[in-house]
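Colleague: have a look; sequence and predicted model below, questions after that.
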Amino acid sequence: MKKLLIIGVAFGLAISSCDNINSKLDSKKESSFLAQMLGSESSGDVFSGTIAEGSFIPVSKMHTARAAHTATLLKDGTVLVCGGFAGSTNSLSSAELYNPTSKSFTKLNDLNTSRVSHSATLLPNGKILIAGGYDGNSLFTTEIYDPETKVFSHGPNMNTARYGHTATPLNDGRILFTGGVGSGWTFLSSSEIYDIGANQFRPAGSMTVARESHTATLLKNGNVLITGGHRDRRENITVYSSAEIYDSKSNRFSETGALNLPRHKHDAILLSDGKVLVNGGADSRDSLYSSAEIYDPGTAKFTSISNLNFPRFKHKETSVLLSDNNVLIGGGSDKAEIYNFKTGNFSPLQGSMGATRLFSCSTLLDNGEVLITGGYDENIRAISGASLFVKK
């Protein structure tokens with residue numbers, strides 16, 4: 001059980017299903033239990049409906065196996081991969097750069113601080129702001145990556161130490177940070193704004209509840225939709241069906257329509273019509289969901305739609321909007337699928353990505369391909385492998 005506790009802390013998770021069922025469950029049994037949860041439904045042996053077009057092409061492995069890292073597209077088309085967790089008790093300080101021409105990774109200088117469950121956001125000036133995370137303690141430090149010098153420099157401190165938070169670029173260039181876990185397993189309702197002009201963080205309004213493992217999606221009107229998540233852990237965990245809106249003009253949060261199911265460790269993405277697709281996740285016992293729903297900002301309501309082909313969780317920010325308005329969903333399982341924007345249905349992609357990818361990253365490249373990096377498998381082993389999704 002010690003291994004599970006370490007991983008739960010490092011990823012900023014509420015130790016849920018395995019902890020709730022048996023507080024003495026050891027790491028081997030925990031791995032077996034997780035594999036069972038991800039087993040028969042996600043085997044992919046029998047498909048209903050059509051097979052989506054597209055395939056995965058393996059590329060060179062990363063220099064470091066990692067999960068709960070970040071992979072951020074730079075303005076020159078390369079991808080900055082940094083931090084994460086490699087399956088030991090330590091978070092990672094290593095970083096590397098993916099080159100889409102050579103389809104390979106190059107080592108970079110290390111981060112100034114090792115961190116997992118942090119955020120990395122492209123700034124209007126082309127630099128990357130890396131914020132928060134966990135290194136044995138919740139972090140309020142930040143650093144800025146300069147693609148010209150390939151150096152990480154210290155940035156301004158956040159107002160609140162946090163990991164497992166969200167970071168959402170706003171239309172005016174500011175970045176909204178919400179929730180997460182603070183020092184001493186404090187679940188946060190607070191938010192703050194990074195002002196690139198002043199190069200500092202300013203307090204923003206508080207969410208209606210404390211949230212971690214939630215999502216934050218920028219809407220077309222410039223506001224931000226916050227969905228689900230949880231607070232507390234183990235037998236005290238509360239998973240939310242509630243959602244709220246951050247008003248970028250008033251700097252305040254207010255409740256909006258509720259999800260049809262309480263869910264955390266899920267994903268959400270803005271569609272081309274301005275609605276938001278919410279998919280997967282789990283309940284308070286980490287029973288995986290294959291359900292999905294759509295949020296309509298016009299009605300402020302969530303509507304259930306057809307199910308995913310594979311239940312999946314721990315896949316935040318791995319849903320990618322493609323150029324044809326469809327959505328690739330490639331995290332939280334060893335199988336990927338496509339949401340068809342026109343039909344509203346999910347179709348599986350043929351074949352497997354080789355391993356269940358929990359806490360992996362999906363990055364849309366300038367050429368329309370999607371780079372999928374790392375994650376950990378059902379045996380809690382971090383993955384160094386990377387793949388490209390290519391449309392046929």
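Modeller: Happy to help now that I have it. Residues are numbered from 1 along each chain as shown.
Colleague: give me the low-pLDDT residue ranges for the stretch 1-150 of the chain?
Modeller: Of all residues in the stretch 1-150 of the chain, those with pLDDT under 70 make up the ranges 1-49, 88-89.
Colleague: can you give me the strands for it?
Modeller: Applying DSSP state E, counting those that start in this stretch to the stretch 1-150 of the chain gives strands spanning 55-59, 70-73, 79-82, 95-99, 104-107, 119-122, 128-131, 142-146.
Colleague: before we move on, what about the stretch 251-392 of the chain?
Modeller: 252-256, 267-270, 276-279, 292-296, 301-304, 319-321, 327-329, 337-339, 346-348, 361-364, 370-373, 386-390.
Colleague: out of those, which gets nearest to residue 125?
Modeller: Residue 125 sits nearest to strand 361-364 of all the strands of the stretch 251-392 of the chain, at 19.8 Å, using Cβ to Cβ. Where you see a C-beta, it was placed from the backbone N, CA and C, and this is true even at glycine.
Colleague: go through the strands of the stretch 1-150 of the chain and name the closest to residue 391.
Modeller: Closest among these, using Cβ to Cβ: strand 55-59, at 8.5 Å.
Colleague: what angle separates the closest one from strand 95-99?
Modeller: Here strand 55-59 runs at 120 degrees with respect to strand 95-99, directions being taken by axes from the mean of the first three to the mean of the last three Cα atoms, to 10 degrees.
Colleague: output the strands of the stretch 251-392 of the chain in TSV, with mean pLDDT, mean neighbour count and distance to residue 129 appended to each entry.
Modeller: Converted to TSV, the strands of the stretch 251-392 of the chain look like this (pLDDT from 0 to 100; neighbours: other Cβ atoms under 10 Å; distance: least, Cβ to Cβ, whole Å):
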stretch	mean pLDDT	mean neighbour count	distance to residue 129
strand 252-256	98	16	22
strand 267-270	98	23	21
strand 276-279	98	25	24
strand 292-296	98	20	27
strand 301-304	98	15	31
strand 319-321	98	20	21
strand 327-329	98	25	26
strand 337-339	97	25	30
strand 346-348	97	20	34
strand 361-364	98	22	17
strand 370-373	97	24	20
strand 386-390	94	20	24
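Colleague: could those go into TSV alongside distance to residue 163?
Modeller: Compiled in TSV, those are given as follows (distance: least, Cβ to Cβ, whole Å):
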stretch	distance to residue 163
strand 252-256	21
strand 267-270	18
strand 276-279	23
strand 292-296	26
strand 301-304	27
strand 319-321	22
strand 327-329	24
strand 337-339	29
strand 346-348	31
strand 361-364	16
strand 370-373	20
strand 386-390	24
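Colleague: rewinding a little: JSON lines for the strands of the stretch 1-150 of the chain, including mean neighbour count?
Modeller: Putting the strands of the stretch 1-150 of the chain into JSON lines (neighbours: other Cβ atoms under 10 Å) gives the following:
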{"stretch": "strand 55-59", "mean neighbour count": "15"}
{"stretch": "strand 70-73", "mean neighbour count": "22"}
{"stretch": "strand 79-82", "mean neighbour count": "25"}
{"stretch": "strand 95-99", "mean neighbour count": "21"}
{"stretch": "strand 104-107", "mean neighbour count": "16"}
{"stretch": "strand 119-122", "mean neighbour count": "21"}
{"stretch": "strand 128-131", "mean neighbour count": "24"}
{"stretch": "strand 142-146", "mean neighbour count": "20"}
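Colleague: what's around the closest residue to residue 134 other than its chain neighbours, how many residues?
Modeller: Once flanking residues are discounted, residue 134 sits nearest to residue 163: 4.2 Å by Cβ to Cβ, 6 or more residues apart in numbering. Under the neighbour criterion other Cβ atoms under 10 Å, residue 163 is assigned a count of 28.
Colleague: same question for residue 171.
Modeller: By other Cβ under 10 Å, neighbour count at residue 171 equals 12.
Colleague: contact partners for it?
Modeller: For residue 171, the residues meeting the contact criterion (Cβ atoms under 8 Å, 6 or more residues apart in numbering) are 218, 222, 248.
Colleague: in the chain, mark out all the helices, start to finish.
Modeller: All helices of the chain, identified by DSSP state H, fall at 2-10, 17-21, 27-37.
Colleague: buried ones among the contacts of residue 171?
Modeller: Buried residues within the contacts of residue 171, counting neighbours by 16 or more other Cβ atoms under 10 Å: 218, 248.
Colleague: would you turn the contacts of residue 171 into CSV with pLDDT?
Modeller: CSV is the format used below for the contacts of residue 171 (pLDDT from 0 to 100):
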residue, pLDDT
218, 98
222, 98
248, 95
